[in-house]
Structure formats: C-alpha cells, structure tokens
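*Asks:* Just to be clear, the model below is a prediction. Sequence and coordinates:
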Amino acid sequence: MASTPDVPLQTRIVDDKSPKCVPFILERLQAYQAASPTTSSRPFIIGLNGVQGVGKTTLVRALAETLQERRSLQTLVLSIDDFYLRHADQLRLAASQPDNALVQVRGEPGTHDVALLRDVFNALSNGEPTLIPAYDKGAYNGLGERLPESQWTRVNHEDQPRVQVVILEGWCVGFRGVSHDEIQAKWLAPSRTLALHQLDDLFFINDQLKGYEAVTNLLDAFIHIDAEDTEYVYGWRLEQEQVLRRERGIGMTDEQVIRFVDAYYPAYELFSDGMRSGIFRDRKGCQLRLIVDKYRMVVDTIVI
C-alpha cells in the first residue's frame with residue numbers, strides 16, 4: 001500500500017471558489033434563459049464535482065444562496081449520495097460479486113439507484129410533482145440505508161413554486177465511461193489503487209456509468225473542482241476525521257480513513273482525465289475547472 005499522505009495544515013476551508021463560480025453560473029444561466037425564454041422551459045441544471053473534502057458543501061451553499069435569495073430563482077440542491085441503493089439491494093449486489101471489492105460497500109458507480117435518479121430528473125425536467133430521496137449514511141453501523149418516503153422532500157406540488165434551478169453535487173457527478181482498452185492501459189501502468197483490483201471488476205464499474213449518461217447529458221453547466229494531486233483527498237479526509245475525534249470523540253481512525261478512500265480512489269484514477277478534457281462533447285464554454293492546491297486554494301481556473 002502507498003504511504004499515507006501528509007495531512008494539510010489548514011483545517012478551515014476558505015471559500016475562494018464562489019467568486020469564480022458564481023459569475024460563470026450566472027453567465028451560463030443568462031444564456032440558457034435567452035435560449036428558453038418561456039416559463040414552461042425545464043429547469044437550469046448544474047452539475048458540481050469535487051473530490052471528497054475539497055469544499056463542495058461550502059460552494060453549493062453559496063451558489064444556492066445566490067440563485068435563490070439574490071436572483072429569486074427556486075433552487076433545489078441534490079446530492080448523488082441520496083441516490084445510493086437501499087441497504088438490501090446493496091447487500092444483494094455485494095453477494096452477486098463477492099470477489100469484487102469495489103461493490104462490497106456503497107461508493108463506486110453501480111452502487112446508486114440509477115433508475116430512481118433518472119425518474120427524479122425526468123420529473124424535474126417536466127415540472128412534475130416528485131419526491132427527492134434522502135439517505136442515512138449512519139444506518140446499519142455505517143453501511144447506510146435510504147430513508148422512508150415519508151421523510152423525502154416534496155417539490156413541484158400544487159402548493160409549491162416550480163423548481164427553476166437544480167444543483168446536483170457529488171464526487172462522481174459527470175463521470176463518463178471510457179474504453180476497455182484505456183482501462184487496461186491504466187491498470188498496467190503505475191497507479192495507487194488500480195492494480196489492487198481485477199481488470200474485470202474495473203470494467204464493471206466503468207460499464208455502470210452508461211446508466212448515468214441520461215442525467216449527465218441533462219446538465220447545462222458543470223463545475224469541476226480538481227486538485228493538483230488527487231492524492232490530497234487522503235490528507236483532507238484524515239484531517240476531517242481527526243477534527244471529529246478531537247471535537248466530538250467520534251470519527252474513523254487513520255487506518256480506516258485510508259481504507260475508506262481506497263474504496264473510491266479507483267474511479268478517480270479511471271475517470272478524472274475525462275472530466276479534465278471536458279464532459280460536454282458538443283458544447284464549449286459550459287464547464288468550469290478549478291484546480292486547487294494542497295490547502296484547497298484555487299491556483300488555476302479553466303473554462304472548457
């Protein structure tokens with residue numbers, strides 16, 4: 001196993017991302033509204049991807065506040081984490097591939113309820129009443145479980161304003177599958193985690209992304225918070241858990257953090273290059289890539 005990365009010295013996330021992202025989103029929104037001026041048009045849909053611990057929550061909060069409160073646009077924030085499989089379905093998936101470590105716990109593509117994700121976005125696109133799922137990551141001793149529908153969020157019902165903007169955030173939002181030849185080449189090359197897995201297991205994760213394409217293709221704008229070195233994610237997660245242990249007496253040990261991030265890291269190694277080159281194959285200027293350093297500070301901004 002590779003050595004444990006150093007933990008960043010900065011525990012407070014400074015929001016230097018919103019001043020760069022908000023103008024980009026407002027510009028894309030203005031272009032969208034000009035092309036679809038009627039009130040019956042579907043909502044403007046934003047995708048936001050960032051490695052764990054990079055500061056997505058802070059940025060999403062600022063974007064939503066700008067759109068909802070300053071622009072008076074009914075804004076809905078969704079996390080792809082709330083679309084994880086039900087506990088029983090995750091257990092069935094794990095049992096169906098007992099030698100595939102990538103699907104033994106939630107996380108990688110293939111462990112989401114893609115049918116539910118598509119259904120929700122179809123309803124939102126058509127302005128129809130729908131329920132937004134919620135997920136409890138602490139259920140079943142941390143294995144997780146979807147909350148009952150009685151605890152889901154109602155949107156677009158008769159007594160509610162229609163959703164005008166949707167923000168979908170998550171660590172794997174925007175991932176697109178690649179060819180098996182490309183996966184094999186990455187598997188054979190030096191890497192942090194890919195060689196720990198069978199090639200067919202990596203193929204499985206890759207092929208599951210076909211199911212996410214319908215939602216990825218709906219995105220009108222995309223923000224990718226990238227890192228100079230993706231392995232910074234280990235240090236950021238170690239830092240977060242150390243703060244939890246110090247302040248609340250709970251949190252994963254350093255060894256547990258490494259195993260936790262290792263479960264996600266193969267997807268970073270497989271699909272990050274595709275995001276860096278742009279997820280929109282036929283549209284220019286709709287993706288903003290922010291590159292951050294070890295301390296989560298933006299060092300470069302690229303419009304793709």
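*Replies:* Received it, and whenever you're ready, just let me know what you need. Quick caveat: nothing in here was measured; it's all calculated off a predicted structure.

*Asks:* Confirm Arg283 sits in a helix?
*Replies:* No: with DSSP: H, G, I helix; E, B strand; the rest coil as the criterion, Arg283 is located in coil rather than a helix.

*Asks:* tell me what the secondary structure element (helix or strand) that Phe271 belongs to is packed against?
*Replies:* Element membership for Phe271 (DSSP states H and E) is helix 254-277. Helices and strands touching helix 254-277, as assessed by 3 or more CB pairs under 8 Å, 6 or more residues apart in numbering; DSSP states H and E, comprise helix 180-188, helix 199-208, strand 221-227, helix 232-248. C-betas here are computed from N, CA, C, even on glycine.

*Asks:* how about 6 Å then?
*Replies:* helix 232-248 (3 or more CB pairs under 6 Å, 6 or more residues apart in numbering; DSSP states H and E).

*Asks:* and the helix it packs on, how far from the chain's centre?
*Replies:* 20 Å (CA atoms, centre = their mean, to the nearest Å).

*Asks:* cool, and stretch 164-171?
*Replies:* Per CA atoms, centre = their mean, the displacement of stretch 164-171 from the mean C-alpha position of its chain is 9 Å.

*Asks:* do stretch 107-125 as well
*Replies:* Distance, centroid of stretch 107-125 to centroid of chain: 13 Å (CA atoms, centre = their mean).

*Asks:* in it, what's buried?
*Replies:* 107-114, 116-118, 120-121, 123-125 (16 or more other CB atoms under 10 Å).

*Asks:* returning to what we had before: so how far is the helix holding Phe271 from its chain's centroid?
*Replies:* 12 Å.

*Asks:* element containing the closest residue to Thr130 other than its chain neighbours?
*Replies:* For Thr130, ignoring the flanking residues on the chain, the nearest one in space by CB to CB, 6 or more residues apart in numbering is Ala123 at 3.7 Å. Using DSSP H and E, Ala123 maps to helix 114-125.

*Asks:* And for Asn49?
*Replies:* Using DSSP H and E, Asn49 falls in strand 44-50.

*Asks:* Name the next helix or strand downstream of that strand, please.
*Replies:* Next element after strand 44-50 (DSSP H and E): helix 56-65.

*Asks:* still on that earlier bit, contacting residues around the helix holding Phe271?
*Replies:* 107-108, 174-176, 191, 193-194, 224, 230, 233-234, 237-238, 241 (CB atoms under 6 Å, 6 or more residues apart in numbering).

*Asks:* Now flag whichever of those residues is closest to Gly138.
*Replies:* Glu241 (14.6 Å; CB to CB).

*Asks:* Touching, that closest one and Gly251? I think so.
*Replies:* Yes: Glu241 lies in contact with Gly251 (CB atoms under 6 Å); the separation is 4.1 Å.

*Asks:* and the two? which has more neighbours close in?
*Replies:* A direct count of neighbours by other CB atoms under 10 Å for Glu241 and Gly251 places Glu241 higher, at 20 against 16.

*Asks:* Next up, the contacts around the more buried one.
*Replies:* 251-252, 257.

*Asks:* circling back to that earlier point, nearest to Ala101, out of the buried residues of stretch 107-125: which one, please.
*Replies:* Nearest to Ala101, judged by CB to CB, of these is Glu108 at 9.6 Å.

*Asks:* Let me see the backbone angles for that closest one.
*Replies:* Main-chain dihedrals, Glu108, degrees, to the nearest 10: phi -70, psi 160.

*Asks:* One more: Ser79?
*Replies:* phi -110, psi 130.

*Asks:* Distance check, it against Phe24.
*Replies:* Distance of Ser79 to Phe24, given as CB to CB, to the nearest Å: 21 Å.

*Asks:* what about these two, which has more around it?
*Replies:* Ser79 (21 against 18).

*Asks:* give the contact list for that one.
*Replies:* Ser79 touches 169-170, counting by CB under 6 Å, 6+ apart.

*Asks:* please redo it, this time with the cut-off set to 8 Å
*Replies:* Taking CB atoms under 8 Å, 6 or more residues apart in numbering, we find Ser79 in contact with 168-170.
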